[in-house]
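Participant: Give me the fold of what follows.
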Amino acid sequence: MSDSMTYLAIAAAVALIAANLLAIISVFKSERTVGAKALWAIGIAVFPILGLLFWLLVAAAWFVFPHNLVLGTQILIAALFALSLD
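Facilitator: Numbering: from 1, shown residues only. As a prediction, the model looks like this:
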């Protein structure tokens with residue numbers, strides 16, 4: 001692996017970690033229940049890429065349709081359960 005590819009991989013990893021930390025902080029600042037906050041934080045931490053992408057999708061949907069927040073959490077729980085079966 002060349003030096004430039006190594007630096008690119010390090011930059012991508014740092015960006016992913018920073019985005020995950022910001023997502024987890026955003027989850028804990030939200031008005032969700034404690035259980036929902038814990039599930040979101042665990043989901044984002046255990047599945048860094050998928051958890052972050054799913055959080056972004058649900059967060060975008062929440063801004064458009066705030067009443068779907070509970071539905072988004074239920075979908076996350078179902079997705080995590082499905083992934084654990086594999």
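Participant: Next, please give the residue ranges for the helices of this protein.
Facilitator: 3-29, 34-46, 48-64, 69-85 (DSSP state H).
Participant: Go through those and pick out the most buried.
Facilitator: helix 34-46 (a mean of 16; mean count of other C-beta atoms under 10 Å). Where C-beta positions appear, they are placed from N, C-alpha and C, glycine not excepted.
Participant: which other helices and strands contact that helix?
Facilitator: Here helix 34-46 touches helix 3-29, helix 48-64, helix 69-85, going by 3 or more C-beta pairs under 8 Å, 6 or more residues apart in numbering; DSSP states H and E.
Participant: residues contacting the closest residue in space to Ala19 that isn't next to it in sequence?
Facilitator: The shortest distance from Ala19 to any non-neighbouring residue, by C-beta to C-beta, 6 or more residues apart in numbering, is to Leu52 (5.8 Å). Contact analysis of Leu52 by C-beta atoms under 8 Å, 6 or more residues apart in numbering lists 16, 19-20, 23, 44.
Participant: Format the helices of the chain as JSON lines; extra columns: mean pLDDT.
Facilitator: As requested, these are arranged in JSON lines below (pLDDT from 0 to 100):
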{"stretch": "helix 3-29", "mean pLDDT": "89"}
{"stretch": "helix 34-46", "mean pLDDT": "90"}
{"stretch": "helix 48-64", "mean pLDDT": "78"}
{"stretch": "helix 69-85", "mean pLDDT": "71"}
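Participant: who's in contact with Ile77?
Facilitator: Leu39.
Participant: Would you mind measuring from it to Trp55?
Facilitator: 13 Å (C-beta to C-beta, to the nearest Å).
Participant: Please apply the same query to Val34.
Facilitator: In terms of C-beta to C-beta, Val34 sits 17 Å off from Trp55.
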